[in-house]
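[1] just to be clear, the model below is a prediction. Sequence and coordinates:
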Amino acid sequence: MRYGYFDTAAREYVIDRVDVPVSWTNYIGVRDLCGVFNHTAGGYLFYKSPEYHRISRFRPNGVPMDRPGHYVYIRDDESGEYWSLSWQPVGKGLDTAKYTCRHGLSYSTYQCDYAGIFGEQTLFIPLEDPVELWKVSLKNHSGRRRRLSVFGYMEFSFHHIDMDNRNFQMSLYACGSSYADGIIEMDPFYEQGGCQFFTAGDMADTYDCLRDRFIGPYRSETNPLAVEQGSCSGSSELGGNHCGALQRRITLEPGEIYEPVFMLGEGSRSEGAALREKYRQSGAVDRALRALRDFWSAKLEKLQVSTPNEGMNTMLNTWNLYQSEINVMFSRFASFIEVGGRTGLGYRDTAQDAMSIPHSNPEKCRSRIIELLKGLSSQGYGLHLFQPEWFEARREPAFKSPTVVPAPDTAQIVHGIKDVCADDALWLVPAITEYIKETGDFDFIREEYSYADGGTGTVYEHITKILDFSTEQVGPHGICKGLRADWNDCLNLGGGESGMVSFLHYWALGHFLELAQRYGYKEDEKRYAARAEAVKDACERVLWNGSWYTRGFTASGRAIGVPENGEGKVFMESNTWAVVSGLAAAERGEKAMDAVDAYLYTPYGLMLCAPAYTKADDEIGFVTRVYKGVKENAAIFSHPNPWAWCAEAVLGRGERAMKFYDALCPYYQNDKIEIRQSEPYSYCQFIMGPDHSAFGRARHPFMTGSAGWSYFAATRYILGIRPGYDALGIDPCIPRSWKGFSLRRVWREGVYEICVENPGAVSKGVREILLNGKALPGPVPVQPAGSANQVRVIMG
């Protein structure tokens, strides 16, 4: 069943059947002011922090679903009938009203054609200012004069998510609202400089600042009293629940268009007045929306592909990069799933996000890396979850507001070994090297940054501490300890040993050795090369079980992920990383990945492990207490799926790499929404496995590491475009049926138009590379900034 389609030319996903099974969300804002909204304009806005500075209220996991939102109501002042421009909250029958939602890149447009009025509302945030603009357009095509009222409505938050959800004896008396000069101001008196404003380009005829006066008793956003009666009441008060509600009465002649704009922003009434003046000017809103589109076009144009796989084209050229960028910008804690109750940076997730897209957002990737460097202990492990603000110079507030980000002391910040996730800091090594390769910022490794527990070191020294920590933290088999957990948070192993971490350690060592060689650090290169050989020897000797690679050992020495196990026999992580790390020889790698295909493949992607656990075993970990087919227990966990694409590409098996790619690709589930339910333009955290009654149902969109890894795996391993320190490597692994593909890549301000030909119908292997008509002996050297280059690659 289909609910929408990809409009590739407009770079939008169009939902033309709006009664989708679950909310289909999108993000607006690219800097400090941000919002998350669904296909019916439900959602919330926040400034810098979704936990401590929420602007509009949101009631997650409730009924009716995903309210309140940022709504525009239209009332026919002759008949008294009213509706909303987004399908909800009024919810007119879809047999009489035509509703559409168009999710674009950092904007969403809601369209409604009803009762002879075509209406449109676009939500977006300009690049320059902390204000959300509601660009509205109404056209009268009824053939007669119409008298209408237009209401803009939103509900203010108390800023702190806890204040919105508990201790109402305090929070209900903590904010005041007022109206003057056409601007509603919400003022939390407990917070200095914490005001928000709601206004419109045209002066309102009536207003309400109090939610309960606008909505009315025993009502909801579906049937607000003010809209039903045709007038707001002019309410305001110190204390209570506050809203922004503005009404404008208009008359539309046949064919006439009315284009108001509502504005919701961070700042006082005076700041709101200045922004209102700016955006009420003719063409100002359109220029701001055009600048936002140009902002995203500039990012997307850094890499555009044309392959025989339409799903890959659509995802890589727009939606996969967009989702990856959203993760780098917002981390993991602003969505309809993570609604702000815990915030900060997850160490491993942030490192992998930063690793995946330095070409399109080098500044933000760099700043994320620096935040992670400061979140590294001097022993070499990362703080699993931390607030970057902890390590910044802070000015103490005049008084302790409940919405100020708390600043714990060092003893509280730096957890001990027992709380360390063994993989966390290792991901930072490739994030740093990929950033340098992409940007040519070669001095970065010499910059100094603090450690979380005190002291400073260069970026290079931070890297060596990470590698040294994993070298020291090994168990009795010579395999890295799993500590609290590795990448799989639910596979705890009671503090045993993790095969995945040893493979990841080997991969990180490989990145470091290439770095040390490039910088001429020969002694370090020699010393760490010996360590890499020791890791390889231990892994091959201990983890190869004759059929595939063992996942690890519990604290008592039991092997996990081996043929003898009745449950949890095969795991994706250890087998993919044995290959991706470069540790496994071809024969063992092929056998391991054959096991992944045989045991873990489903039409919706690869399961994390199989068979599912059904008996609780706390020595293995919490995964044994998760329902079978859900999340880490034999579901299709999306994040590690791209590791299998990488592994098959390393092995040269293009058909299988593409088989795995297509299975997970949300584009190819666009017509299966009765099964998938979730957004077909976003990778989701997981998909229910075959052991579950809802097999194929996807959950938790946008905020997942599967976005960055899908992009990284598809572009660097399947299409094979890999920036190096001094040259651009090109080594594709594609299905034999592909006759070739082309792409445009911007690298270090030079443009590379790359055409790959496959005359021999091979999956892997490059016979010849020509740069501007001249044959090269190897990869493509860095070309001058501003240059345009033609690269021809002949496989064979």
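    Okay, I see it.
[2] what about the stretch 251-400 of the chain, any weak spots by pLDDT?
    Within the stretch 251-400 of the chain, the stretches with pLDDT under 70 are 394-400.
[3] one more: the chain?
    The low-confidence ranges in the chain, as defined by pLDDT under 70, are 394-406, 410.
[4] quick check, central residue of it?
    The residue lying closest to the centre of the chain (CA atoms, centre = their mean) is N327, at 2.9 Å.
[5] so that residue: helix, strand or coil?
    Classification of N327 by DSSP: H, G, I helix; E, B strand; the rest coil places it in helix.
[6] same check on G778?
    On the basis of three-state DSSP, G778 is classed as coil.
[7] contacts only, for it.
    Neighbour list for G778: A727, I769 [criterion: CB atoms under 8 Å, 6 or more residues apart in numbering]. The way it works is simple: take the backbone N, C-alpha and C, and place the C-beta from them, glycine included.
[8] could you report the neighbour count for T456?
    If you count neighbours by other CB atoms under 10 Å, T456 ends up with 13.
[9] can you check G557 too?
    Neighbours of G557 (other CB under 10 Å): 11.
[10] likewise for the one 3 residues further on?
    Number of residues near I560 (other CB under 10 Å) recorded here: 28.
[11] for it, which residues make a bridge with it?
    Bridge pairing for I560 (DSSP bridges) gives the partners G552.
[12] swap in the one 10 residues further on?
    Partner residues in beta bridges with V570: A610, with DSSP bridges as the criterion.
[13] count the neighbours of it for me.
    Neighbour tally, V570, other CB under 10 Å: 25.
[14] and the gap between it and V535?
    Separation of V570 from V535 (CB to CB, to the nearest Å): 22 Å.
[15] hmm, back to that, excluding chain neighbours, what is closest to the residue nearest to the centre of the chain?
    D353 (4.7 Å; CB to CB, 6 or more residues apart in numbering).
[16] and stretch 193-203, how far out from the chain middle?
    Between the centre of stretch 193-203 and the centre of its chain there are 30 Å (CA atoms, centre = their mean, to the nearest Å).
[17] the residue nearest to the centre of the chain and F702 touch, don't they?
    Yes. N327 sits in contact with F702 when judged by CB atoms under 8 Å, with a separation of 7.4 Å.
[18] how about G740: what's its closest non-neighbour residue?
    E757 (4.5 Å).
[19] actually, G340.
    P50 (3.5 Å).
[20] over to C243?
    C243 sits nearest to R211 (CB to CB, 6+ apart), 4.2 Å away.
[21] the one you found reaches E237, doesn't it?
    No. Assessed by CB under 8 Å, R211 is found out of contact with E237, at 10.6 Å.
[22] those two: which has the busier surroundings?
    Higher neighbour count among R211 and E237: R211, with 24 against 15, using other CB under 10 Å.
[23] rewinding a little: pretty sure the residue nearest to N327 is in a helix, no?
    Yes. Assessed with three-state DSSP, D353 lies in a helix.
[24] the residue nearest to G340 in helix, strand or coil?
    coil.
[25] okay, how far is it across stretch 432-448, tip to tip?
    Using CA to CA, to the nearest Å, the end-to-end distance of stretch 432-448 comes out at 14 Å.
[26] ok, and what's touching it?
    With CB under 8 Å, 6+ apart, stretch 432-448 has contacts from 354-355, 358-359, 362, 365-366, 369, 456-460, 463, 511-512, 514-515, 519, 723-725, 747-748, 782.
[27] also stretch 759-768?
    Contacts for stretch 759-768 (CB under 8 Å, 6+ apart): 649, 652-655, 730-737, 739, 775, 792-796.
[28] which of these fall in strands?
    Among the contacts of stretch 759-768, the members falling in strands (DSSP state E) are I730, A775, R792, V793, I794, M795.
[29] quick one: which of those is nearest M154?
    When the ones in strands among the contacts of stretch 759-768 are ranked by distance to M154 (CB to CB), I730 comes first, at 50.0 Å.
[30] tell me which stretches of the stretch 201-350 of the chain form helices.
    211-215, 225-229, 269-279, 284-300, 310-314, 320-330, 347-356 (DSSP state H, counting those that start in this stretch).
[31] so who does the residue nearest to G740 touch?
    K739, G740, R792, V793, I794, M795.
[32] and if you look at V474?
    C480, K481, E497, A538.
[33] which secondary structure elements does the longest strand seen in the chain sit against?
    What stands out as the longest strand in the chain, according to DSSP E, is strand 146-159. Based on contacts counted as 3 or more CB pairs under 8 Å, 6 or more residues apart in numbering; DSSP states H and E, the elements that strand 146-159 packs against are strand 54-56, strand 71-76, strand 131-140, strand 175-180, strand 183-188, strand 196-200, helix 225-229, strand 242-252.
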